[in-house]
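Peer 1: what would the 3D arrangement of this be:
(chains A and B)
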Amino acid sequence: LPSSPPAAMATELAYAPPMKSGKLGFEGTQEVQHRIRITLSSKSVKNLEKVCSDLVKGAKEKQLKVKGPVRMPTKVLNITTRKSPCGEGTNTWDRFEMRVHKRVIDLVSSPDVVKQITSITIEPGVEVEVTISDQ
Amino acid sequence: MAGAGVGGRKARNFATFRLFPRDGAADPNDRVFVRVDNNAYTIPGFGDDEDPSLSPTAAADQFPSSTSGPLPDHVRQQILELGLPDDGYNYLLHLRELRPSAVASSFVPSHTARPEQLPLDVKAYDASKVRVASGKVEEELDEGRTMCKVAAKTAPVRRVEKAVDPDVARLLDESEDEGLEEDFVIMANQAEGDDMEDESEEEGGGVFSDVENDEEFEDEEGEPKPRVPRLLDEQFDLLALEEYGASDDDDGAVRDGEHELPTEVIDELKLFHNQNVCVDEEYRTPADFVRGKLDSTTAEEVDESANVIQKCAEYAERYLNETAEDEDVLLVSESSDESEVWDCETIVSTYSNLDNHPGKIQTPGNPKNRLPKVFPGETATTKDIIKLHGKEKLPVDYLPQRKRKVEKEKKAKPTESSDAEYFEKVVVQKETKDEKKARKSAVKEEKREARKAKKELKELYKFETQKAQKVAAVTGPSSIRLM
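Peer 2: Okay, the predicted model is just below:
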């Protein structure tokens, strides 16, 4: 007789549908889940990559569905000017450029969580833009 | 993303926030989320304290419905602050969001912006207090008729920049009766002195130099100096004596720095005034008159006046005659309709080279030699079709400049032309390879020669272009490339 409960438990456990522990249904954590896109842009790649990795790591810790970081093509802004302040001399030109790097990370979570995550990962020179949309 | 329905825009059910550094915070890491779009989608959990000073589109509550009545006051105030007109339309909808990128540029609105400025060449005067007299009764000023009441149309003006400085205006009003004395400097300096001095000083008038005022003042009556002489005065006197000689103090009639004429001249001038002489034909100085007076008697004066009268009469007659003549002349020139009609000369004179770029007058060319007499490719079949060749798609055969080529062709292939024609009747309009080759090589030759000539010229004048570039770098527009 003492053997039956374990058997029952075993069958119950067997029928438990295989689910990722973090994945909950609609209104899972009592908060609406939104699709969130975080756009990070910066002039320096190092800082940007650091912020990206922090974000992704933070999101994964919270068991959120993360896509990214998607690296957009770098925009190179050029300014080409004459070196000379006057018109005299061989026509030498300066070529200045500014490179803007952009990364995009998609998440599915509630806005509060995102707020937390983005407030942690702070790096100077990185611009953060968050777009929140319906699930 | 699924596209929207038939005519619809994509459904804007998203919200975009950006991290801005908090306004006024020292720590750059202290950032808040600020909304940067205008969609109606709200997210309750994400609304940080919005930063209204940073972005005009930040506040979500400034989004009234399109059909609402008057805009809320703060919206209107914001619109006015930006310099946009206050006409009930919410211009804030059209403002683009600013992107203070990592380069850290932030927008600070100007609190001292004055949207209504007069153009620089216009001055506005405040005429609200001007009294307008009613035309009929002139004695009594109608107290109530100010400009505001009388004007047919008034519009409110926010602030009128005063054209006249109020302080200046006040002073001018106050000092109307007194008037500004010409020698106010002296008056200011001798405030302790006698009052009788004032009258004689006024006679003096003229231009004074401040320095010499106090020291050399001596009346015609010979009254003593008005204020206590100081050591400095004595020193100055000495200096003046050294510089300008001792003649100053000798002359009794010398005044303060005024360039006084000697008394004899003054007397003569007075006499001259009394004489009432007029200078008619020849120029005569007072000296001449004096000499004249010595020679002749005073009877000349009477003659002079008689002369004058006579002269006047003559002039009057002449004037009358002239006017009579002028009238005739005027009549002639005033032929009404004819003068209105422009003739070619007047029209040409009204043209200016600024607008009108006249061409050079040349002998009219012979239109016949524009077209080659024998079109090389022409046959009975190809008459309707004009072939276009080359990059510019030109009717090569019909170009006017190809005289040489035409002649060449004519000479080179007089015999072949008939054959060519024959063949071309059979073959569909293909220019024979030789012809094409010849033509192309001719073109190439020309181009080669032109290039060579250009290069030679360029080398020859390289120095000149360098000099011109130097000048143009300073004065000329940068779009013109000289070298």
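Peer 1: measure B:Asp233 to B:Glu243 for me?
Peer 2: Distance, B:Asp233 to B:Glu243, by C-beta to C-beta, to the nearest Å: 15 Å. No exception for glycine: its C-beta is placed from N, CA and C like everyone else's.
Peer 1: can you map out the helices along chain A?
Peer 2: A:4-15, A:45-61, A:111-120 (DSSP state H).
Peer 1: what does chain B have sitting close to chain A?
Peer 2: Residues of chain B lying near chain A by C-beta under 8 Å from any C-beta of the partner chain: B:13-19, B:28-29, B:31, B:33, B:36, B:41, B:43, B:45-46, B:101-103, B:469-470, B:472-474.
Peer 1: change it to 7 Å
Peer 2: B:13-19, B:28-29, B:33, B:43, B:45-46, B:101-102, B:469-470, B:472-473 (C-beta under 7 Å from any C-beta of the partner chain).
Peer 1: what about burial for the residues you listed, which qualify?
Peer 2: B:14-19, B:33, B:43, B:46, B:102, B:469, B:472-473 (16 or more other C-beta atoms under 10 Å in any protein chain shown).
Peer 1: chain A: strands as residue ranges?
Peer 2: Shown for chain A, the strands assigned by DSSP state E span residues A:34-42, A:65-82, A:93-109, A:126-133.
Peer 1: for B:Glu322, find the nearest of those.
Peer 2: strand A:65-82 (70.6 Å; C-beta to C-beta).
Peer 1: the closest one - what's its average pLDDT?
Peer 2: Across strand A:65-82, the average pLDDT comes to 92.
Peer 1: chain B contacts on chain A?
Peer 2: A:42-43, A:86-88, A:110-112, A:115, A:118, A:122, A:124-134.
Peer 1: grab the nearest non-local neighbour of the residue of the stretch 1-150 of chain B at minimum distance from chain A.
Peer 2: Nearest to chain A in the stretch 1-150 of chain B, going by C-beta to the nearest C-beta, is B:Phe14, at a distance of 3.8 Å. Nearest non-adjacent residue to B:Phe14, counting by C-beta to C-beta, 6 or more residues apart in numbering or on different chains: A:Ser133, 3.8 Å away.
Peer 1: pull up the gap between that neighbour and B:Glu459, please.
Peer 2: Distance from A:Ser133 to B:Glu459, by C-beta to C-beta: 67 Å.
Peer 1: B:Val34 now?
Peer 2: 64 Å.
Peer 1: which of those two has more residues huddled nearby?
Peer 2: B:Val34 (24 against 9; other C-beta atoms under 10 Å in any protein chain shown).
Peer 1: which strands or helices does whatever helix or strand that one lives in pack on?
Peer 2: Using DSSP states H and E, B:Val34 sits in strand B:31-35. Counting by 3 or more C-beta pairs under 7 Å, 6 or more residues apart in numbering or on different chains; DSSP states H and E, the packing neighbours recorded for strand B:31-35 are strand B:14-21.
Peer 1: just want the angle from the strand it packs on to strand A:34-42.
Peer 2: Angle, strand B:14-21 to strand A:34-42, by axes from the mean of the first three to the mean of the last three C-alpha atoms, to 10 degrees: 40 degrees.
Peer 1: may I have strand B:14-21 as PDB, with CA atoms only?
Peer 2: In PDB, the C-alpha atoms belonging to strand B:14-21 read as follows (Å, rounded to 0.1, in the frame of the first residue of the first chain):
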ATOM      1  CA  PHE B  14       3.800  51.200 -30.200                       C
ATOM      2  CA  ALA B  15       5.600  53.700 -27.900                       C
ATOM      3  CA  THR B  16       9.200  54.800 -28.200                       C
ATOM      4  CA  PHE B  17      11.200  56.000 -25.300                       C
ATOM      5  CA  ARG B  18      14.700  57.300 -25.100                       C
ATOM      6  CA  LEU B  19      17.100  57.500 -22.200                       C
ATOM      7  CA  PHE B  20      18.000  61.100 -21.600                       C
ATOM      8  CA  PRO B  21      20.200  62.400 -18.800                       C
END
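Peer 1: the residue of the stretch 1-150 of chain B closest to chain A against A:Val130, yeah?
Peer 2: No - in this structure, B:Phe14 is not within contact of A:Val130 by C-beta atoms under 7 Å, at 10.3 Å.
Peer 1: what is the burial count for the nearest residue to A:Ile79 once chain neighbours are set aside?
Peer 2: Distance criterion C-beta to C-beta, 6+ apart; nearest residue to A:Ile79, sequence neighbours excluded, is A:Phe96 at 4.5 Å. If you count neighbours by other C-beta under 10 Å, A:Phe96 ends up with 9.
Peer 1: pretty sure A:Phe96 contacts A:Val76?
Peer 2: No - under the criterion of C-beta under 7 Å, A:Phe96 is not in contact with A:Val76, lying 10.6 Å apart.
Peer 1: by mean pLDDT, show me the worst of the helices of chain A.
Peer 2: helix A:4-15 (a mean of 52).
Peer 1: so who does the closest residue to chain B within chain A touch?
Peer 2: In chain A, the residue that lies nearest chain B is A:Gly87 (1.9 Å; C-beta to the nearest C-beta). Neighbour list for A:Gly87: B:Gln469, B:Lys470, B:Ala472, B:Ala473 [criterion: C-beta atoms under 7 Å, 6 or more residues apart in numbering or on different chains].
Peer 1: got the CA positions of the helix or strand harbouring the second one in PDB?
Peer 2: It refers to B:Lys470. Assigned by DSSP H and E, B:Lys470 falls within helix B:462-474. Provided in PDB are the C-alpha atoms of helix B:462-474 (Å, rounded to 0.1, in the frame of the first residue of the first chain):
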ATOM      1  CA  LYS B 462      49.300  77.800 -66.100                       C
ATOM      2  CA  PHE B 463      51.000  80.700 -64.400                       C
ATOM      3  CA  GLU B 464      48.000  82.900 -65.100                       C
ATOM      4  CA  THR B 465      45.600  80.400 -63.800                       C
ATOM      5  CA  GLN B 466      47.500  80.100 -60.600                       C
ATOM      6  CA  LYS B 467      47.400  83.800 -60.100                       C
ATOM      7  CA  ALA B 468      43.700  83.800 -60.900                       C
ATOM      8  CA  GLN B 469      43.100  81.100 -58.400                       C
ATOM      9  CA  LYS B 470      44.800  83.100 -55.700                       C
ATOM     10  CA  VAL B 471      42.500  85.900 -56.400                       C
ATOM     11  CA  ALA B 472      39.400  83.800 -56.700                       C
ATOM     12  CA  ALA B 473      40.200  82.000 -53.400                       C
ATOM     13  CA  VAL B 474      39.600  85.300 -51.700                       C
END
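Peer 1: having no further points to raise, I will conclude here.
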